[in-house]
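1. Below are the sequence and a predicted model; questions follow.
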Amino acid sequence: MTQAESVPIQGLSPASRPLRAWQRSALARYLAAKPQDFLAVATPGAGKTTFALRVAAELLADRTIEAITVVTPTEHLKYQWAQAAAAVGIALDPDFRTSFGGTSRDYHGIAITYAGVATHPARHRARTENRRTLVILDEIHHAGDAKSWGEGIALAFEPAERRLALTGTPFRSDDNPIPFVEYQRDAEGALRSRSDHSYGYADALADSVVRPVVFLAYSGTSSWRTSAGEEISARLGEPMTKEQTGMAWRTALDPAGEWMPAVLAAADKRLSAHRNGGMDDAGGLVIATDQTAARAYAALLTTITGTPPALILSDEHGSSDRIEAFSKSRERWMVAVRMVSEGVDVPRLAVGVYATSAATPLYFAQAIGRFVRSRRQGETASVFVPSVPVLLGLASELEAQRDHVLGAPHRPKEEWNDQELMLANRQEDEPGEDEKSFTALHADAELDQLIYDGASFSADEEDYIGLPGLLEPDQVRSLLQQRQQDWVDRGSPRSGAAARATPPPVPEAPREMSVRERIQKLRKELNTLVALQNHRTKKPHGMIHNELRKQCGGPPTAMASIEQLEERIATIRSWR
């Protein structure tokens, strides 16, 4: 009798849940190789938990193992694993406490956090030595979060019969190897992690396992006052220093400004479009930086929708129950800090607002992973993001797969600053150093561009907020291309030699317009033309703005006069 046909024991049913093609392939590879260590890399929403539990059921059924230990990044995920395991006849104890040393014999195993293992690694080693154990290391990259975590799992699980490591997000690039992960030298001589089975977002999208994600990037002018009393204005997405980008970004996220209310209102309209277009239970999630911001965003959503959203503030007792209640309800919105950055399963989430200043590829991938899980064919996801170059780059590279590289980071080291991840996950409301050094004054918002399948599309907000909620990936692409072409036809300059020789004049603003209204109108027109130029040439928006400033002179757009804006509009219209 083969392993795939093994007889269940203790109520286990290895074949009780049908597997997807990638899961069947990975399972066949695993059962054939019988490895002590196996690393499965699969995009969020692909079904890593189902695959791992099937492996566990097979190994329990043929008595290769006697016990299971699941290690997770957060408390909430322990209970999520226990619930999923119970559905296939595997009993896991998520309330296990290392200080007790044991659990009921009715359980097949335990679920514990990385932090819990690091607290008493020797005791977990003793448990692992006493019974043939399968250790499932969920989101194995977290073994690098702290030195003690990596050392803890290395000590605790070295004697394990089998170790199954899972990850769905890009590894960090650093010099610290992750325990139980194999590394091989690449063509450049760097040590790169080797997975035993990989299933990326592009593969999952082609198989309709995950949803297509449309990113709606919002720009706008931010104004703030420095600690020295200087007032600065800048437009999100335009070239500026790293420090200025950070200030403009945080100013936009200020709940007391105009950017967040405008983006939340647009996101709520998009959620209505999803619900009216075939996803009648679609839910939305706002990912906030800290508790103070989360409460403020919840108040804004209450004003916009008339109903208070679910508010998930931390990894404390009761948070898991609140997330589960939201998952099973028809509530429109949830606002959360950290709790839903990774692994949390709320399949009906279809609209997201990325309202945090975290910019690491790891955190971004974790966050976007909350929206990609597909329940049925045709569902799409919409994620609203600030129009910041690093986020636009990550959105464009959603399908990229990254390995853990030792000693030769594939991104500049400062862009992998784990301090940013810590700030994003911060539960306290104490301001960071950057937040103490400036005062947010004002920020307005407008749709800058859409990103889908690595391509950028430009149009007015009303062209996209009402897109249907049920579309196949190729339908999304075709619809966006058609909307883009319609918009280009409406706004493209005159063709022919006359257009090149004499740029069309910019219409004079109505006399009743104030100076501020005229400036805002011209800025929007200029940014629209820059977006069109980006679509034609594939040059970044910031590069196009720089070329205009070099040719026409003058300050950044946020500080340009009416005359300077008109000159830049005329200039870009003359470009072919």
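-> Arrived safely.

2. switch to C-alpha atoms for all contacts and neighbour counts from now on
-> Will do.

3. How far does whichever strand or helix holds R225 sit from its chain's centre?
-> Using DSSP states H and E, R225 sits within strand 221-226. Here the centre of strand 221-226 is set off from its chain's centre by 27 Å, with CA atoms, centre = their mean, to the nearest Å.

4. That strand packs against which elements?
-> Applying 3 or more CA pairs under 8 Å, 6 or more residues apart in numbering; DSSP states H and E, we find strand 221-226 packed against strand 231-235, helix 242-252, strand 438-443.

5. what about 6 Å?
-> strand 231-235, strand 438-443 (3 or more CA pairs under 6 Å, 6 or more residues apart in numbering; DSSP states H and E).

6. Find the helix or strand that G150 is a member of.
-> helix 147-157.

7. same thing with R483?
-> Judged by DSSP H and E, R483 forms part of helix 473-491.

8. Let's see that helix as CSV, backbone CA atoms only.
-> Taking Å, rounded to 0.1, in the frame of the first residue of the first chain, the C-alpha atoms of helix 473-491 are listed here in CSV:
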residue,chain,number,x,y,z
PRO,A,473,-7.3,38.6,-15.2
ASP,A,474,-7.4,39.0,-18.9
GLN,A,475,-10.7,40.9,-18.7
VAL,A,476,-9.1,43.3,-16.1
ARG,A,477,-6.2,43.9,-18.5
SER,A,478,-8.5,44.5,-21.5
LEU,A,479,-10.8,46.8,-19.6
LEU,A,480,-8.0,48.9,-18.2
GLN,A,481,-6.4,49.2,-21.7
GLN,A,482,-9.7,50.2,-23.2
ARG,A,483,-10.3,52.8,-20.5
GLN,A,484,-6.7,54.1,-20.9
GLN,A,485,-7.2,54.4,-24.7
ASP,A,486,-10.5,56.2,-24.3
TRP,A,487,-8.9,58.6,-21.9
VAL,A,488,-5.9,59.2,-24.1
ASP,A,489,-8.3,59.9,-27.0
ARG,A,490,-10.1,62.5,-24.8
GLY,A,491,-6.9,64.2,-23.6
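
9. From the rest of the structure, what touches it?
-> For helix 473-491, contacts defined as CA atoms under 6 Å, 6 or more residues apart in numbering pick out P212.

10. starting at the chain centroid, how far to it?
-> Per CA atoms, centre = their mean, the displacement of helix 473-491 from the mean C-alpha position of its chain is 25 Å.

11. what about the helices in the stretch 251-400 of the chain?
-> Secondary structure of the stretch 251-400 of the chain, counting by DSSP state H, counting those that start in this stretch: helices at 259-276, 291-305, 319-328, 361-368, 389-396.

12. how far away is L349 from A265?
-> For L349, the distance to A265 (CA to CA, to the nearest Å) stands at 17 Å.

13. quick revisit: the strand holding R225 vs helix 259-276, what angle?
-> Calculated by axes from the mean of the first three to the mean of the last three CA atoms, to 10 degrees, strand 221-226 forms an angle of 140 degrees with helix 259-276.

14. Next, the angle from strand 221-226 to strand 438-443.
-> For strand 221-226 against strand 438-443, the angle by the same axes, to 10 degrees is 160 degrees.

15. If you count neighbours, what's buried in strand 221-226?
-> 221-225 (16 or more other CA atoms under 10 Å).

16. Tell me the predicted confidence for E547.
-> At E547, the predicted lDDT confidence score is 89.

17. ok, so what distance separates it from N130?
-> Counting by CA to CA, the gap from E547 to N130 is 68 Å.

18. Going along the chain, name the helices of the stretch 51-200 of the chain.
-> Using DSSP H, counting those that start in this stretch, helices in the stretch 51-200 of the chain cover 75-86, 114-119, 121-130, 147-157.
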